[in-house]
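Asker: Generate coordinates for the sequence data below:
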Amino acid sequence: MRFLTRLALAAAGLTLAAGAAAAQTTVRWLHIEQNPAQVKIWEDVVRRFQEKNPGVKVEMQYLENEAYKAKVPTLLQSRDRPHIMYSWAGGVLKAQVEAGALADITKGVGSFKDSLAPGAVQAFVVDGKLYGLPYNVSQVGFMYNKDLFAKAGVDGTAIKSWDDFLAAVKKIKAAGITPIAVGGQDKWPLHFYWTHLAVRLGGKPAFEAALKGQGGGFEGETFQKAGELMKQLVDIEPFQNGFLGFKNQQALGYFGDGKAAMNLAISHHSATQRALAADKKGVPEDKLGWFDFPMPAGAKGNPTDTLGGVNGWLITEGAPKEAVEFVKFFVSDEVQRELAKQNFIIPVFKGADAALSAPFMQNVAKNIAASGYHQNFYDQDLGPSVGRVVNDAAAEIAGGSMTPKQAAKAIQDAYKQGN
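Answerer: Sure thing, here's the model as predicted:
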């Protein structure tokens, strides 16, 4: 009897030990999301996943955008590195793969990837191996305050050309309204201007030629012209006072507070500006307009070409298998529709875009679907070292301390050095 009792106790001990071991599976998830309303949904997604997977704990960690970019290289070398990390894909992703910091999740994801937009999935493939999953696609364009445009007598829907745009900026300024809010301190919001002008002027052929070093590379005519047109805009002083001291969060809040008529934004910033406004309401949906980046004279790009991102989640080397399972759950149809319904994302799960409720985001989704060339952000696509120079050069043009020719040369020099 004592033997049987000891056996039963031993079995119970093993069961408790197994339960304790299971309870110790912690998945560290690092994100950069600053919208409390969206984070609240994410927290509920975590709770539901944990309920379906007893013994697994998903630990949410947050870093501000620029702090995240600065700390990622160090984090990836840490023994306590996150298991799931935010990514813009592109050359930065490739560099992380080459450094051996990411896990090949091709087998772990399996056929699930077939439920997602193929182009978005492909952004996370390097040399035939999958290292992450997308959850959102985005477009860069001008969101504007319809009331401020009306006050200035400007029709946002009529802005098609670069000259239209410059005329609108001047008219808004003449009405005593700040035309554009921009987070110049972060630099990457300024790179949207230079990059988008290059996309418009040269289209996909110009970018692919530059990657091959043809036509002067990033020092060629297309990219110098992009800088010249950006300077043309800067010279009429379209931004808020002290724009080089504003972080992007501040600039979005400034726009949300009705202090500027426009913001060259990533599409999901339509929701972020409301969260960052002083009244937490910002520019309401029915007062928020959108127009695509205008076409300069003589542009060789297609008006339907888009600049934007494919955002997703990477799995780091050594992460538990539950990290992959959580990401699959996070980009499932159920969760994607939930986020789309609140207009926080343009989903990548096939068919989930039907849940988008705001005309603003429905329009952006159609734009991306119709785009034959969707260019990822240059500062991500060209890798960390070149991307940093792109952002710096754009900020230097905006600040007047670098000419368009010097900016293009700096970017080309950085690209040559890294390739």
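
Asker: Mind giving me the packing neighbours of the top helix by length along the chain?
Answerer: Secondary structure of the chain per DSSP state H: the longest helix is helix 188-211. Under the contact definition 3 or more Cβ pairs under 8 Å, 6 or more residues apart in numbering; DSSP states H and E, helix 188-211 sits against helix 221-234, helix 248-256, strand 260-266, strand 306-308, strand 374-376, helix 378-381, helix 384-399. (Glycine included, C-beta is placed from N, CA and C.)

Asker: ok, the most centrally placed residue in the chain to residue 162 distance?
Answerer: In the chain, the residue lying closest to the centroid (Cα atoms, centre = their mean) is residue 309, at 5.0 Å. Counting by Cβ to Cβ, to the nearest Å, the gap from residue 309 to residue 162 is 23 Å.

Asker: Per the annotation, how does the protein divide into domains?
Answerer: 15-137+310-370, 140-307+377-418 (automatic domain parsing).

Asker: Compare those domains and say which comes out lowest on pLDDT.
Answerer: Here the lowest mean pLDDT among those goes to domain 15-137+310-370, at a mean of 93.

Asker: Export the domains of the chain as a markdown table, with columns for mean neighbour count.
Answerer: Listed next are the domains of the chain as a markdown table, based on neighbours: other Cβ atoms under 10 Å:
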| stretch | mean neighbour count |
| --- | --- |
| domain 15-137+310-370 | 18 |
| domain 140-307+377-418 | 20 |
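
Asker: and the residue nearest to residue 220 when sequence neighbours are not counted, what is it in contact with?
Answerer: Nearest residue to residue 220, sequence neighbours excluded (Cβ to Cβ, 6 or more residues apart in numbering): residue 210, at 6.4 Å. Residues in contact with residue 210 (Cβ atoms under 8 Å, 6 or more residues apart in numbering) are 217, 218, 220, 222, 223, 415.

Asker: State the distance from residue 75 to residue 151.
Answerer: Distance, residue 75 to residue 151, using Cβ to Cβ: 46 Å.

Asker: got it, and residue 97?
Answerer: Residue 97 is 50 Å from residue 151, by Cβ to Cβ.

Asker: okay but residue 404 is in contact with residue 221, surely?
Answerer: No: assessed by Cβ atoms under 8 Å, residue 404 is found out of contact with residue 221, at 11.2 Å.

Asker: Find the residue closest to residue 392 in space, skipping its chain neighbours.
Answerer: Spatially, and ignoring its direct neighbours in sequence, residue 392 is nearest to residue 187 (6.4 Å; Cβ to Cβ, 6+ apart).

Asker: okay but that neighbour is in contact with residue 391, surely?
Answerer: Yes: counting by Cβ under 8 Å, residue 187 does reach residue 391; the two are 3.9 Å apart.

Asker: Let me see the ranges of the helices in the stretch 301-419 of the chain.
Answerer: Using DSSP state H, counting those that start in this stretch, the helices of the stretch 301-419 of the chain run over 321-330, 333-341, 359-370, 378-381, 384-399, 404-418.

Asker: Next: the stretch 51-200 of the chain.
Answerer: 65-77, 90-98, 106-109, 118-122, 146-152, 162-174, 188-211.

Asker: Show me what the first one is in contact with.
Answerer: Okay, so that is helix 65-77. Helix 65-77 has contacts (Cβ under 8 Å, 6+ apart) with 30, 32, 34, 63, 81-82, 85-86, 96, 99, 101, 186, 247-248, 316, 384.

Asker: how about 10 Å then?
Answerer: The contact list for helix 65-77, computed with Cβ atoms under 10 Å, 6 or more residues apart in numbering, reads 30-34, 61-64, 78, 81-82, 85-88, 92, 95-96, 99-102, 183, 185-188, 247-249, 314, 316-317, 379-380, 384, 387-388, 391.

Asker: could you check the angle helix 65-77 makes with the longest helix of the chain?
Answerer: 60 degrees (axes from the mean of the first three to the mean of the last three Cα atoms, to 10 degrees).

Asker: Helix 188-211 to strand 260-266, inter-axis angle?
Answerer: 40 degrees.

Asker: Distance from helix 188-211 to the middle of the chain?
Answerer: Mean C-alpha position of helix 188-211 versus that of the full chain (Cα atoms, centre = their mean, to the nearest Å) differs by 17 Å.

Asker: Can you check what angle separates that helix from helix 248-256?
Answerer: Going by the same axes, to 10 degrees, helix 188-211 makes 110 degrees with helix 248-256.

Asker: Can you name the residues that contact the nearest residue to residue 135 once chain neighbours are set aside?
Answerer: Nearest residue to residue 135, sequence neighbours excluded (Cβ to Cβ, 6+ apart): residue 331, at 4.7 Å. For residue 331, the contact set (Cβ under 10 Å, 6+ apart) comprises 112-113, 115-116, 120, 133-136, 312-313, 339, 345, 347-349, 352.

Asker: Quick check: closest non-adjacent residue to residue 312.
Answerer: residue 134 (3.9 Å).

Asker: Same check on residue 414?
Answerer: Going by Cβ to Cβ, 6+ apart, residue 414 has residue 389 as its nearest residue, at 4.0 Å.

Asker: Name all residues that make contact with that neighbour.
Answerer: 218, 379, 382, 407, 410, 411, 412, 413, 414, 415, 417, 418.

Asker: any idea how far the first one is from residue 383?
Answerer: I take that to be residue 218. Taking Cβ to Cβ, one finds residue 218 at 13 Å from residue 383.

Asker: residues bridging contact with those two, i.e. touching both?
Answerer: Shared contacts of residue 218 and residue 383, counting by Cβ under 10 Å, 6+ apart, come down to 414, 415.

Asker: quick one, what contacts residue 358?
Answerer: By Cβ under 10 Å, 6+ apart, the contact set of residue 358 is 270, 271, 285, 286, 288, 340, 341, 342, 343, 364.
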